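1. Generate a structure from the sequence data that follows.
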Amino acid sequence: MKKYLLLFIITFFVMSCSKKVEVKGKITGSSSLERIEFVEASGVGTLPLINIGLDKDGNFSGSFEAPKDGMYVINYAGRQNLIYLEGGQKVNISGNGTTFPNEYIITGDAKKNNDFLTASMKFLADYGSKVNLAGLMGGDEAAFLKGMHKVEADINKNVDDLAKKNNPSKGLLEWKKNDIKVTILNLLANYEMSHGPMSGNPSYKASKALKDYETQLETDKEAMVKSIPLYRQYLLVKMTPDFQKYAEANSKGKTGITTSEMFAQYLKTKKDLSQTAKDYLLAFVMAQADIHPTTTPANIDKIKKIIDSDIKDATIKSDLLKMQVAITGLKIGDAAPEATLAKQDGKAYNLSENKGKPYMLFFYASWNPYISEATVPVLKEVVNFYKSKMNFVFVNVDDTKDQFIKTSNSLLKGIQGVNVYGEGGLNSDIAKKYGVYGFKLPCFVIIDKDGKIASRSFVNLGEQELVTILDKQTGLAAPKVEPNAQMQPQLQLDPSAMQQAPQPANPQPAPTK
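-> Residues are numbered from 1 along each chain as shown. Here you go, the predicted structure:
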């Protein structure tokens, strides 16, 4: 009997600690080409946790592991909004395609929290329109501080009133209180930097009263740096002048040093910062300054070494590495990962079947708007030119196998290559191993004849760098095109754009020269 009781207790504990969030709902008037994504707002990688499709009636459903209770960004049709989610919740979301996600209705486990969040955001919008912020910023310091104290008190009173009405969770209420503090801190920082030039007094320096106010607001630094990206930006703005002096003094005679390298060295001198703060700040600078599609292989290696040696938090380390793969691709020269793939007839397919001949991996999905108009015509030309010397593997990441068959038969008919499906679409084995996300489609990767990665990830078939790699792998020479000609519209690859809040001026230390 005791054994069964123990099993029950263990089962209950596992269920109660589940981080999975189940979401479903309906968006009327939506397009079946649109997708819904959820991103952790306080994370460092800003990669989508899930990409959910809608059926012809606008219905959707899915589930994902929530890294922690907190704020998430919901993306739809290029628009974003914030939503507060907790692990183990079942959330129902409904709205209209023309206003979603700016406006939506939430029912289920997350209703109380998001009713509170929506009401507080509405108050801030109304309240902000009535505050003469420009007048406060341009006025004398005493009047400015008096105004900031009043703003803080007014917002906190509204939060307390809404908390009594909506009964939000303790975690959300604590986050909101800290969010108010961070908002005021950024206003104080902006005043300190801009008041001199605005008032015509270049010798202005912040008084003890302003500094004391800052100290009073920063009573929960660890929670702020973990959960509010705007606080990380605030810290970076505050340390930018000091960092620039450090960089100028320590970069003389050095070439090729990255912003991340210099900032990592600088952080080692900051004894007043916790390791948690250093991890988040360094991750922020890396993501903004040195992790981008055109990062050189040498700098990619540098970034990986810094992540390994200087980032101590395991989750931040993992998220940064995932982001680097998503943005720059797998390391050139490494063996191309095998993955679970299937042909239309259901037979398994292995990428190693191409060994002895270079090949291109082409990732695509039916809901990607660039496929039929921009990609397929150019893809035909590329395949026809190089097919005698290399293979082509077209990897579909649609939601279902039926959709894969329909899409491959219609879009890729007559194009020489192997059509395969990654079971689970963007959640498939191959998508995870190659860092493929919705914002990265279509995506192209070149593998050499020995089965090793030969290129970074490309989203544009017309890039000269990609053509150069194809020529090198095949021994062929593609016809030259006009320097300004573009074979395929350049896609923007910037998941960091999904940050939670608008960025203030100078959100990161300036790059070193």
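
2. Tell me how far the residue positioned nearest the centre of the chain lies from L330.
-> The C-alpha lying nearest the average C-alpha coordinate of the chain belongs to T46 (C-alpha atoms, centre = their mean; 2.0 Å). Distance, T46 to L330, using C-beta to C-beta, to the nearest Å: 20 Å. For every residue, glycine as well, the C-beta is placed using N, CA and C.

3. Same question for T296.
-> In terms of C-beta to C-beta, T296 sits 15 Å off from L330.

4. And the strands in this protein?
-> Counting by DSSP state E, the chain has strands at residues 20-28, 35-40, 50-53, 59-65, 70-76, 79-85, 90-96, 105-108, 341-342, 348-349, 359-364, 391-396, 418-421, 443-447.

5. and those as a markdown table, adding distance to G135?
-> Listed next are those as a markdown table, based on distance: least, C-beta to C-beta, whole Å:
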| stretch | distance to G135 |
| --- | --- |
| strand 20-28 | 42 |
| strand 35-40 | 36 |
| strand 50-53 | 45 |
| strand 59-65 | 45 |
| strand 70-76 | 31 |
| strand 79-85 | 29 |
| strand 90-96 | 38 |
| strand 105-108 | 37 |
| strand 341-342 | 63 |
| strand 348-349 | 67 |
| strand 359-364 | 53 |
| strand 391-396 | 58 |
| strand 418-421 | 61 |
| strand 443-447 | 50 |
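
6. Which among those strands is found nearest to S169?
-> For S169, the closest of these is strand 79-85, at 8.2 Å, according to C-beta to C-beta.

7. roughly how far is that closest one from the heart of the chain?
-> Computed by C-alpha atoms, centre = their mean, to the nearest Å, the chain-centroid distance of strand 79-85 equals 14 Å.

8. In the sheet, which strands lie alongside it, parallel or antiparallel?
-> Strand 79-85 has its sheet partners listed here by DSSP bridges as strand 70-76 (antiparallel).

9. as a whole number, average confidence for the partner strand?
-> Across strand 70-76, pLDDT averages out at 97.

10. what stretches of the protein score poorly on pLDDT?
-> 1-18, 481-513 (pLDDT under 70).

11. Show me what counts as buried in the helix ranked longest in it.
-> In the chain, assigned by DSSP state H, the helix with the most residues is helix 170-199. Neighbour counts over helix 170-199 (16 or more other C-beta atoms under 10 Å) mark 172-173, 175-193, 195 as buried.

12. Give me the contacts around stretch 73-81.
-> Here stretch 73-81 makes contact (C-beta atoms under 8 Å, 6 or more residues apart in numbering) with 27, 30-31, 34-41, 48, 82-83, 93, 97, 100-102, 104, 498, 500.

13. Buried ones among those residues?
-> When the contacts of stretch 73-81 are checked for burial by 16+ other C-beta under 10 Å, the buried set is 27, 30, 34-41, 48, 82-83, 93, 100-101, 104, 498, 500.

14. how many neighbours does the nearest residue to F123 once chain neighbours are set aside have?
-> Computed as C-beta to C-beta, 6 or more residues apart in numbering, the closest residue to F123 that is not its neighbour in sequence is N158, at 4.9 Å. Look at N158: counted by other C-beta atoms under 10 Å, it has 18 neighbours.

15. one step back: compare neighbour counts for T296 and L330 and give me the winner.
-> Between T296 and L330, L330 has the larger neighbour count (other C-beta under 10 Å), namely 21 against 12.

16. Is the more buried one in contact with I453, as I believe?
-> Yes: if you go by C-beta atoms under 8 Å, L330 and I453 touch, sitting 4.8 Å apart.

17. okay, and the common contacts of those two?
-> Residues touching both L330 and I453 by C-beta under 8 Å, 6+ apart: 336, 445.

18. follow-up on the earlier one: and the angle for the longest helix of the chain with strand 79-85?
-> Our comparison of helix 170-199 with strand 79-85, counting by axes from the mean of the first three to the mean of the last three C-alpha atoms, to 10 degrees, yields an angle of 140 degrees.

19. ok, now which ones touch D308?
-> By C-beta under 8 Å, 6+ apart, D308 lies in contact with K317.

20. Report the separation between it and I327.
-> Computed as C-beta to C-beta, the D308 to I327 distance reads 18 Å.

21. just F444 next, same as before
-> Per C-beta to C-beta, F444 is found 15 Å from I327.

22. How about Y234?
-> Separation of Y234 from I327 (C-beta to C-beta): 25 Å.

23. Can you verify my assumption that G462 contacts V378?
-> Yes: here G462 reaches V378: they are 6.7 Å apart, a contact under C-beta under 8 Å.

24. Can you pick out the residue with more neighbours from these two?
-> Ranked by neighbour count (other C-beta under 10 Å), G462 and V378 place G462 first, with 17 against 14.

25. Just list whatever residues bridge to E22.
-> E22 has these beta-bridge partners by DSSP bridges: S63, K90.

26. Next, the contact list for the residue nearest to F123, please.
-> Each residue near N158 by C-beta under 8 Å, 6+ apart is listed here: 120, 123, 127.

27. what would these look like in CSV with neighbour count?
-> Below are the contacts of N158 laid out as CSV (neighbours: other C-beta atoms under 10 Å):
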residue, neighbour count
S120, 22
F123, 16
Y127, 13
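
28. Dump those to TSV, plus distance to K164.
-> As requested, these are exported to TSV (distance: C-beta to C-beta, whole Å):
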residue	distance to K164
S120	13
F123	14
Y127	18
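
29. just checking, which of those belong to helices?
-> Within the contacts of N158, residues falling in helices by DSSP H are 120, 123, 127.

30. Was I right to think the first one contacts K177?
-> No: with contact defined as C-beta under 8 Å, S120 does not count as touching K177 (10.9 Å).

31. Give the intersection of the neighbour lists for those two.
-> What both S120 and K177 touch, as defined by C-beta under 8 Å, 6+ apart, is the set V159.

32. Quick one: residues contacting L361.
-> 351, 393, 395, 434, 443-447 are the contacts of L361 under C-beta under 8 Å, 6+ apart.

33. which one is P48 nearest to, not counting chain neighbours?
-> Leaving aside its sequence neighbours, P48 sits nearest to E37 (C-beta to C-beta, 6+ apart; 4.2 Å).

34. meant to ask about F392
-> Nearest to F392 is G417, by C-beta to C-beta, 6+ apart, at 3.4 Å.

35. what's the one you found sitting at in phi/psi?
-> As for G417, its main-chain torsions (degrees, to the nearest 10) stand at phi 160, psi 180.

36. Could you double-check that it lies in contact with N396?
-> No: applying C-beta under 8 Å as the test, G417 and N396 come out as separate, 11.8 Å apart.

37. who's more crowded, the two?
-> Legend: neighbour count by other C-beta under 10 Å for G417 and N396, higher for N396 (26 against 17).

38. what's the distance between N384 and F392?
-> N384 is 11 Å from F392, where distance means C-beta to C-beta.

39. which residues are in contact with both of those two?
-> Contacts common to N384 and F392, judged by C-beta under 8 Å, 6+ apart, are Q416.

40. The two: which is more packed in?
-> Using other C-beta under 10 Å, the more surrounded residue of N384 and F392 is F392, with 21 against 11.

41. ok, the more buried one - contacts?
-> Counting by C-beta under 8 Å, 6+ apart, F392 touches 359-360, 362, 383, 415-418.

42. now S457
-> When contacts are counted by C-beta under 8 Å, 6+ apart, S457 touches 293, 326-330, 434-435, 440, 443-445.

43. Off-centre distance for stretch 320-337?
-> Relative to the centre of its chain, stretch 320-337 is centred 16 Å away, using C-alpha atoms, centre = their mean.

44. What residues sit buried inside that stretch?
-> Neighbour-count burial for stretch 320-337, counted by 16+ other C-beta under 10 Å, picks out 320-321, 323-332, 336.

45. which other residues reach that stretch?
-> Residues contacting stretch 320-337 (C-beta under 8 Å, 6+ apart): 44-47, 283, 286-287, 291-293, 295, 297, 300-301, 303-304, 307, 311, 351, 430, 433-437, 440, 445, 447, 451-457, 493, 495.

46. Just the buried subset of those, please.
-> Using 16+ other C-beta under 10 Å as the burial test, the contacts of stretch 320-337 include 44-47, 283, 286-287, 291, 293, 295, 300, 303, 307, 311, 351, 430, 433-437, 440, 445, 447, 451, 453-457, 493, 495 as buried.
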